[in-house]
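> A structural model of the following input is requested.
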Amino acid sequence: MNDAAEAIRAGKPVILPTDTVYGLCSSAYSAAPSEKLYKLKGRDLRQPSALLAADIEMLFECLPELRGRAGVIARVLLPGPYTLILPNPARRYRWVTGDNPYTIGVRVPELPDAADRILSHIGCVVATSANLPGGPEPRRIEDIPREILERVAAVVDAGELPGTPSTIIDFTGAEPRVVREGAASAADAIDRVSAALA
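Numbers count the residues shown, from 1 in each chain. Prediction:
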């Protein structure tokens, strides 16, 4: 775990377990680590990734503009197996946002203990599934492609994970838009948010 934390601080990509699948993660605080992550995965820089925070308070520290409606949405659904696309008016973390710097995907997962201890020291990371584009979501370390495993600086093994990726919901428009149905019900999430905003 110390190796993983030090690697992230040094700008190197690592494999961390989440509440859904294994993630390919790097430091979120500058562009270069994210560029390494994208290159390793073979991901187009125009595609967004998620900002993954250790806890909800760290998320608000990283994105202080998350108040009002966006802040309520985040507090209702996080932590949990959701990726929320929220407004990013200050265009923070442009190396995470892909083509649209005015929106950002955020996650606060219910992390396995090992990853939780690492992120409690790091704060936020850029995170994407530890697979190649279009490949299966990795629920075990052995599911991660060798070309990724051999080029990361550290791997944290938490055994077999649920294996279904997070549910992605875009809350930046007038109505919520389900981008991907995943580990948790999008309809339930939208109902909970609607009740909280009523």
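
> I'd like the next helix or strand past the helix or strand of the chain at the bottom of the mean pLDDT ranking.
Here the helix or strand of the chain ranked lowest by mean pLDDT, DSSP states H and E is helix 113-122, holding a mean of 90. Going down the chain from helix 113-122, the next helix or strand is strand 124-129, by DSSP states H and E.

> what residues does that next one touch?
By Cβ atoms under 8 Å, 6 or more residues apart in numbering, the list of residues contacting strand 124-129 from outside reads 8, 16, 18, 21-29, 33-34, 37, 41, 43, 49-54, 58-59, 62, 93, 95-96, 107, 119, 137-138, 165. Where C-beta positions appear, they are placed from N, C-alpha and C, glycine not excepted.

> and the helix or strand that that strand is followed by, which residues are buried?
Using DSSP H and E, the helix or strand that follows strand 124-129 in sequence is helix 146-149. With burial defined by 16 or more other Cβ atoms under 10 Å, the residues of helix 146-149 counted as buried are residue 148.

> State the mean pLDDT of the helix or strand just after helix 146-149.
Next along the chain after helix 146-149, taking DSSP H and E as the criterion, comes strand 154-155. Within the predicted structure, the mean pLDDT of strand 154-155 is 96.

> Strand partners (parallel or antiparallel) of strand 154-155?
strand 14-17 (parallel) (DSSP bridges).

> show me where this structure has helices.
Assigned by DSSP state H, the chain shows helices spanning 2-9, 31-41, 56-62, 69-77, 113-122, 146-149, 186-197.

> Nearest to residue 175, out of these?
helix 186-197 (8.9 Å; Cβ to Cβ).

> Now stretch 185-192: buried residues?
Quick answer for stretch 185-192 (16+ other Cβ under 10 Å): 186, 189-190.

> and if you look at stretch 84-92?
Quick answer for stretch 84-92 (16+ other Cβ under 10 Å): 84-88, 92.

> now what about that stretch, what contacts it?
Contacts for stretch 84-92 (Cβ under 8 Å, 6+ apart): 62-63, 65-66, 70, 73-74, 77-78, 97, 101-107, 168-172, 179.

> which of those count as buried?
Buried among these by 16+ other Cβ under 10 Å: 62-63, 66, 70, 73-74, 77-78, 97, 101, 103-107, 168-172.

> wait, isn't residue 17 in contact with residue 111?
Yes: under the criterion of Cβ atoms under 8 Å, residue 17 makes contact with residue 111 at 7.4 Å.

> More neighbours: which of the two?
Taking other Cβ atoms under 10 Å, residue 17 and residue 111 do not tie; residue 17 has more neighbours (27 against 22).
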